[in-house]
Structures are given as structure tokens and as C-alpha cells.
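Participant: Sequence and predicted structure below; questions after.
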Amino acid sequence: MKRREFSTLMAAGLGTAAAASRAQGGPVEGVHFIRLAKPAPVSTPAGKIEVVEFFWYGCPHCNALEPALEAWVRKLPADVVFRRVPVAFGAVHEAHQRLFYTLEALGQLAAVHPKVFAAIHTQRQRLEKEAEQIAFLKGVGVDTSRYAELSKSFSVQTKMRQAKQLADAYDIDGVPTLGVHGRFHTSGSLAGDNMRALAVTEALIARVRKGA
């Protein structure tokens, strides 16, 4: 979901989307993806290519993309490093951003991340207030005392600040958006839909690999 609206997830598979992109001659700069005027920082070692998903737990399009994105990430080549960065356009986004980074600090992110999406989009929980988050986390077996402590920690605050800085560097104004190695970003609205955005991302990875 954007400060403007993103298109919905298409039903076609990743292979179809990639084939369509190739058939159309590949993605076009300024149409299907944006090249950053100033490179954004990357956090991967030399020889690795970073892909970042900018997302918000409350975004229905991020939720719809999640299963396909998970499958796509599992098939990424060894030289590609994927990570998620929650955005914070406002107070609600910031509450979910804090939830994400606190779960990461607890070592519970992998287990609870999909359950957060389900709680918000299937069970209609808002998870905006700390009390709502605590009640939810207690139900999924997270140590809520430790959660309450870490959620206000310097390390979580630092991660939140760094996330905002990275989103600003990529000029992110909507989600889901995929950033590629500090050079490009694409999205469902640019590529045509969210599945095509994954195909465009693959093409951008290939560009970075070639030094373009």
C-alpha cells in the first residue's frame, strides 16, 4: 500500500511473469524500474548482491505478495542476499516496525513474521498498541516480558532509525517496493503488478552482476 495505491497480486506464476518480461524486451528504466540518482548504502559483503523488500505489516498487497515472495527468496542464487525493511510513514507503521525489529532481537522473527500478517489480515487484529502486541505475542509463545524490555532498547531504536534512513535513500513512498543493491527499485505499480516486479528484480540483479 502506498501513499498512493499499488496494484494487486496477479494469479500467474513467477515463470510466466519472467517470460513476459523477456518477451517484451526486458524492463525499461523509468517505466518498470527507477535508477536511484544517488546510490543507497548496502550491507552485504563484496561479491554479494543485496535485495531489500520495503514493506508494512498492515499493507494488504504486502500480505498478498508474501507467499510468492517466500517461494522466490528460497530460489535465489548464492550471490544474492535478501532482507526485509519495514517502513515507517507514520505512527501506525512505526508501531509495526518496532514489532518487527523487536522480534528480530528476540530471535523470533522467522517463526512469528507470517503469524503477524495472519493476525492483521485474517484475524483482524490491529497490533498498533503495545497492549495489543503483548496479547498477540503471548498467544504465540513469545516471552512478553523480554519483548516489552527489548522494544524500548537502544538497539531496536537504532534499527528503526537505520530503516528510515534506507527508505529515504531509496526514495520509498509506497510498499511493497523491491530495492536492488542500492541502485534500483521496482514495485507492482511500476512493473505492472507484484509478480512482474519480481521478474523485473531478477533482471536488475543480472544488471548488477554484470556491473551495469
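Facilitator: Sure thing, it's come through.
Participant: In the protein, which residue is most central in space?
Facilitator: The residue lying closest to the centre of the chain (C-alpha atoms, centre = their mean) is Glu53, at 2.6 Å.
Participant: Was I right to think it contacts Leu178?
Facilitator: Yes - checked against C-beta atoms under 8 Å, the pair Glu53 and Leu178 is within contact range at 5.7 Å. Bear in mind the C-beta positions are built from the backbone N, C-alpha and C, glycine included.
Participant: Centre of the chain to stretch 158-178, how far?
Facilitator: From the chain centre to the centre of stretch 158-178 is a distance of 10 Å (C-alpha atoms, centre = their mean, to the nearest Å).
Participant: distance between the ends of it?
Facilitator: Stretch 158-178 has an end-to-end distance of 22 Å (criterion: C-alpha to C-alpha, to the nearest Å).
Participant: Now do the buried residues in the host helix or strand of Glu202.
Facilitator: Using DSSP states H and E, Glu202 sits within helix 194-209. Of all the residues in helix 194-209, those buried under the rule 16 or more other C-beta atoms under 10 Å are 194-205, 207-208.
Participant: Remind me what that helix packs against, helices and strands.
Facilitator: helix 14-23, strand 49-55, helix 60-74, strand 177-180, strand 184-187, helix 188-191 (3 or more C-beta pairs under 8 Å, 6 or more residues apart in numbering; DSSP states H and E).
Participant: What angle do strand 49-55 and it make with each other?
Facilitator: With axes from the mean of the first three to the mean of the last three C-alpha atoms, to 10 degrees defining the directions, helix 194-209 sits at 150 degrees from strand 49-55.
Participant: Just the mean pLDDT for helix 194-209, thanks.
Facilitator: Averaged across helix 194-209, the pLDDT comes to 97.
Participant: swap in stretch 37-47?
Facilitator: For stretch 37-47, mean pLDDT is 96.
Participant: From one end of that stretch to the other, what's the distance?
Facilitator: Rule used - C-alpha to C-alpha; the end-to-end distance of stretch 37-47 is 23 Å.
Participant: shaky segments in the chain?
Facilitator: Judged by pLDDT under 70, the chain has its weakly predicted residues at 1-24.
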